[in-house]
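K.L.:
Fold the following for me, if possible:
(chains A, B and C)
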Amino acid sequence: MRTPIAYFLVVSAMLFTVGTVGVLVRKNALVIFMSVELQLNAVNLALVAFSRMHGNLNGQVLAFFSMVVAAAEVVVGLAIIVSVYRRRHSANVDDASLLRW
Amino acid sequence: MGPLTLTIFLPLVGVPVLLAWRGARDDVARWVALVASIATFIVSLWVLGRFDGGSGGFQLVESATWVRSLNLHYTIGVDGVSLFMVLLTTFLMPIAILASWKVDKNVRLYMAAMLFLETGMIGTFLSLDLLLFFLFFEAILFPMYLIIGGWGGERRVYAAVKFFLFTMFGSAFLFVAILVLYFKSASLPGGSTFDVRQLAHLSLSSGTARWLFLAFFVAFAVKVPLFPLHTWLPDAHTEAPTAGSVILAAVLLKIGAYGLIRFNLSLFPEAARHFAGFIQILALIGIVYGAVVALIQTDVKRLVAYSSVSHLGFVVLGVFAFTQQGVSGGVLQMVNHGLSTGALFLLVGMVYERTHTRDLSEMGGLARGMPWLMGVFLFVSLSSLGLPGLNNFTGEFLVILGTFASNRAFAAIAASGIVLGAIYLLWAYQRMAQGPVPEKHADHPDLSIREAAVIAPILAVILVIGVYPKILLDRINPTTTAVVHHVQPAGSVNQGDAALRAAEGTP
Amino acid sequence: MLKVIWLVPALPLVGFVVNLFLGRRLGRLAGVLASLLMLGAFGVGLGVLNDLVTLPAHSRVFVKHLYDWISVGSFHVAVDLRVDPLSVTMMLVVTGVGALIHIYSIGYMDGDPRYGRFFSYLNLFCFFMLTLVLAENFLLLYFGWEGVGLCSYLLIGFWFERPAAANAAKKAFVVTRIGDTFMLIGIVLVFLRFGSLDFARVLVSPASSFGIATFPPPGVYTVIALLLLAGAIGKSAQMPLHVWLPDAMEGPTPVSALIHAATMVTAGVYLVARTHVFFEVSGVASAVVLIVGLVTALYAATAALGQDDIKRVLAYSTISQLGFMFFALGMHAYAAAIFLLVTHAFYKALMFLSAGSVMHGLENETDLKKMGRLAKVMPITATVFSIGALAIAGVPPFAGFFSKDQILAAADQTGHVTAWIVALVAAFFSALYISRLIFLAFFGQDRTGRHAHESPPVMTVPLMLLAVGAAAGGLLGLSAVTGKLQGFLSWDLGATAEPARGLSDGVLSAISVAVAAAGILVGFLVYGSGKIDWLALRTRMGSFQRFLSKGWYLDDVYAAVLVAPGKSVAAFLAYVFDRRFVDGMVNGVGVLFQRLASVGRLVQTGLVRNYALAFLLGAVVIFVFVGLKF
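P.N.:
Here you go, the predicted model:
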């Protein structure tokens, strides 16, 4: 018997919530970054689940896309975080608040 | 490639050369710009030679499809109005470049901006396609902004931004109106179009036409500038470098008046008639107001700037009189103002290079040490105040004549501007050139050869137009006849005769 | 010679160009060249006159078409020169008197650093003045009209380092321009009503049966006449636009003689005479001319009495004499006005140049109080000045007697008896102020305190020639009815009819001679006899004397009523209205957006997590919204 789609979606929703809360409450840029990855993977999970439910590969293709984009994003993001850290010796996002009024 | 396209884009040839050639010495950059602009002037003379003075329509038309799906064409052509605007531009551009020979900051960029500006201005005058016109119209803003903001006086940034925002404010209305026209023109046999010649046949409801007219009007009124949209002008003129002021006064302001004739009158004749009284009143306010405010100025550049407000009032007054004399006089006055005010700014620049002040109260007695420079200044002032035999008189007289035929009170009020013009210009001359000679101004050099070469061609043209304006008028008249007929199909072109007939009827 | 009429204005124009560019190199030759060209123009003018009188008496007009000037729609105007008796008369006065003044200037201006420039301006003036009188249409006339105004400006302000000269120059230009602008409107109106600006088409008497088919209603004639008159009043320094002429004396003396006595200021008289058709039709306009002339003649004659500056006396005298001319024009005695114009050109140029000779001998002293007994050291100057003075006072047989007498006679004989009496009073004052001048300057005690000397021949010879004109000019028009000049001008101005009423010519002449003699006698008693202490008299009448010397305080009235409020209005508009209000609105829009932005930008905290929260909330809102929709 197939596992009902709801199971996957619930897990996906839980993962996404954890990620969201992580982004909102943590201060360390690396942790926020990992939380964002969590959100992305929650979405990937949902995509793959729907793909299986519909019996076509569209969802999986989209998931691959998002993984590639996520990889690119990690590269750029980590580079920024590292260079900010080198300059200010801090990975706290609240310290990097120059772009305001 | 026809002569018009060549005229438009020839200056542009110099731009990549100047920008890419990093190693070019300043002198080389100056010469590149000068040669490009002189070549353009020569080509424009070719256009003049091929122009048929007997026809009032567009000539030398070139057309190429640009974006087929939008029915957007590269369509250019010349008529009696735009011909002299183009010639004015190409004639003054080498002079302006020669006048900025002493600019030594970032010369390549400056010269590139000037050439880019020239292409923009000529393109604006020659476009027969509304969107193309708009592109050129907007393209002018950028180099002018650079020139004022980069090479201007102390408050250059304020002035540049003000200039930019004022024009953009008008352009926003213009752009929306152009799009509305485009979509409305779907009913034309050729489908939606930006072509001015076809849009002239578009029949709009009078309400729509009036709104569109106002949108176009705001855009051009800022440029002219008409009261109360004029306040960018004194600041921009005062802060711009000499050549910037010259081009601004001589050509950019004309785009406003030109746009009114080319678009407002030809696209919305009924609305033009409806608003004519209102616009003429604005023009009259400008004439008197500009002159009165000029009376009290102590900064000579501001004084000339306000005098522009006054003079451009004459142009608009004449154009919206819808009489042959008024419109022809208005067009002639556009050329005249370009020459006289351009020359005034050149001379003020030359004086500034010597005295390092624009404050009239700091000057005095300059005619003693610099008889030629001050003599030329007086000559140009006299032209500007409308001395018969010099260029402005012909235009002003025709404007007053044309206006008188349609509204006597307006003509009488406009005539008062002539008296005021004499007062502020002669007073400026007196404070600058006459009176005791202060110690610090005792030994400035007189006109140099380069400066004489800059100013002499303008003086010659001023004199020729004053003594023999037929050269211009014969080519302008057929076009203005067509314009007047278009705006007033039932009205009479020969207002003098009409007034005569009316006189016979009245007891 | 008629065909080369263009040479007359062209010769001075050549002189202008040559002297403008080469004046400095030519040195003294500049003056000689300018004078020769003027003599040449005079010669051509005589040839033209010679040809003109050979034309049949009923068609003494010749128009030389040069080229089309402005042409738009139905409006055409050409550069055409008109030769007819009136224009030839004016042309000969301008070139003849002008040439003499040029020659005189060679001596007078010697040593001036801008010698060449002076002659080029003088030549330019003659070019414009000749164009003015030879013009065949209103616009070309206006061209010359404004051009002479320009030259007047340039020459009054010739010594521009002196603020007074610069001010006077500007004042002259601006005040006359006020009148000129009215005139320009008049010209526009002429075109709109007549469809042409050509004299040949416009200046046709509606009384004649030919010409254009229909004529505008008389009201139009009145309006046009009054507008043209405004220009004439400005140029000829009539009330109320006369204030510039006394100040114009800041210019070099030959300029005062040429421009502000003999030629330019008479342009207004010429204009009215030329366009007399309008004034014939319009009784109102004629009445205005008459009153303006009469008031000015009397006013200026009294003001002349209060002046201490020799040139200002002559300036007010000129205004007064021009008033007489306008007075004559107002009575339709056009030929008499032109006759006075011609004789006045002789004797007033003579007196100005003599005054210049006095200044030349006295190191530019112009104050009458510091002269006296100059007849001894400057016999020639004193003699010729006296001839001029006798002429202006109206003593027979000098030129002024005939011309003035004919005007006074016309007043009585056309029924303007009151005006005639007022004019007699003005004539009395004329005799009085001129005798005051003579006695103070040339006779009585020597108050100079320096060694004066007579001027060189290059100056005195033109003086003597002018003196001949002032003495014998009356021969040109001995009688209003049969005079040579009047007969010659009758083609343009109509013949003078035999007087129908009033006193006889003989009686009128006797009266005016008596008035002139009375004026001179009073002048002699007060200033010449030495029996009355005029200085004491003057202190006793202090305030009245100041009233006269200030020209009835009209300048101060204008300054208070027009200039000061004008400046305040301009300052208000420029600094308060334009800066604060118009530009303030523009900047106000900018400030408004700045304020808005200063509130709005607080949203940008710079904290990433705030932004993320906003993201989330936004996403939730969108989800809820979309969810509710479906």
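K.L.:
Quick one: name the residues of chain C near chain A.
P.N.:
Contact residues (Cβ under 8 Å from any Cβ of the partner chain) of chain C with chain A: C:601-602, C:604-609, C:612-613, C:616. C-beta coordinates here come from the backbone N, C-alpha and C atoms, glycine included.
K.L.:
Distance to residue A:66, secondary structure and neighbour count for these - can I get that in CSV?
P.N.:
Below are those laid out as CSV (distance: Cβ to Cβ, whole Å; DSSP: H, G, I helix; E, B strand; the rest coil; neighbours: other Cβ atoms under 10 Å in any protein chain shown):
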residue, distance to residue A:66, secondary structure, neighbour count
C:601, 34, helix, 10
C:602, 35, helix, 10
C:604, 29, coil, 13
C:605, 29, coil, 15
C:606, 29, coil, 15
C:607, 27, coil, 16
C:608, 22, helix, 17
C:609, 23, helix, 16
C:612, 19, helix, 17
C:613, 23, helix, 15
C:616, 19, helix, 14
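K.L.:
which among those gets closest to residue C:160?
P.N.:
For these, the residue nearest residue C:160 by Cβ to Cβ is residue C:601; the value is 58.5 Å.
K.L.:
which one of the residues of chain C next to chain A is nearest residue C:295?
P.N.:
residue C:601 (73.4 Å).
K.L.:
How about whichever residue of chain C sits closest to chain B: what's its closest non-neighbour residue?
P.N.:
For chain C and chain B, the shortest gap (Cβ to the nearest Cβ) falls at residue C:73, measuring 3.4 Å. The spatial neighbour of residue C:73 that comes closest, neighbours along the chain excluded (Cβ to Cβ, 6 or more residues apart in numbering or on different chains), is residue B:324 at 3.4 Å.
K.L.:
Let me know the secondary structure of the residue most central in space within chain A.
P.N.:
Geometric centre of chain A, nearest residue: residue A:37, 2.5 Å, by Cα atoms, centre = their mean. Assigned with DSSP: H, G, I helix; E, B strand; the rest coil, residue A:37 falls in the helix class.
K.L.:
now swap in residue C:70 and tell me
P.N.:
Counting by three-state DSSP, the backbone at residue C:70 sits in strand.
K.L.:
Could you give the bridge partners of it?
P.N.:
Under DSSP bridges, the beta-bridge partners of residue C:70 are residue C:77.
K.L.:
Backbone dihedrals for the residue of chain C closest to chain B, please?
P.N.:
Taking degrees, to the nearest 10, you get phi 60, psi -130 for the backbone angles of residue C:73.
K.L.:
mind listing what's buried in the longest helix seen in chain A?
P.N.:
Criterion DSSP state H: the longest helix present in chain A is helix A:58-88. By 16 or more other Cβ atoms under 10 Å in any protein chain shown, the buried positions in helix A:58-88 come out as A:59, A:62-63, A:66, A:70, A:77, A:81, A:84.
K.L.:
just stretch B:274-285 next, same as before
P.N.:
Neighbour-count burial for stretch B:274-285, counted by 16+ other Cβ under 10 Å, picks out B:275-276, B:279-285.
K.L.:
Export those to JSON lines and append columns for secondary structure, pLDDT and distance to residue C:132.
P.N.:
As requested, the buried residues of stretch B:274-285 are exported to JSON lines (DSSP: H, G, I helix; E, B strand; the rest coil; pLDDT from 0 to 100; distance: Cβ to Cβ, whole Å):
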{"residue": "B:275", "secondary structure": "helix", "pLDDT": "89", "distance to residue C:132": "42"}
{"residue": "B:276", "secondary structure": "helix", "pLDDT": "87", "distance to residue C:132": "37"}
{"residue": "B:279", "secondary structure": "helix", "pLDDT": "91", "distance to residue C:132": "37"}
{"residue": "B:280", "secondary structure": "helix", "pLDDT": "90", "distance to residue C:132": "33"}
{"residue": "B:281", "secondary structure": "helix", "pLDDT": "91", "distance to residue C:132": "36"}
{"residue": "B:282", "secondary structure": "helix", "pLDDT": "91", "distance to residue C:132": "37"}
{"residue": "B:283", "secondary structure": "helix", "pLDDT": "91", "distance to residue C:132": "32"}
{"residue": "B:284", "secondary structure": "helix", "pLDDT": "91", "distance to residue C:132": "31"}
{"residue": "B:285", "secondary structure": "helix", "pLDDT": "91", "distance to residue C:132": "35"}
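K.L.:
Which of those sits closest to chain A?
P.N.:
Checking these against chain A with Cβ to the nearest Cβ, the nearest one is residue B:282 at 41.1 Å.
K.L.:
ok, for the closest one, nearest residue in space, not its chain neighbours?
P.N.:
residue B:226 (4.9 Å).
K.L.:
Tell me the secondary structure at that neighbour.
P.N.:
coil.
K.L.:
Great, nothing more from me.
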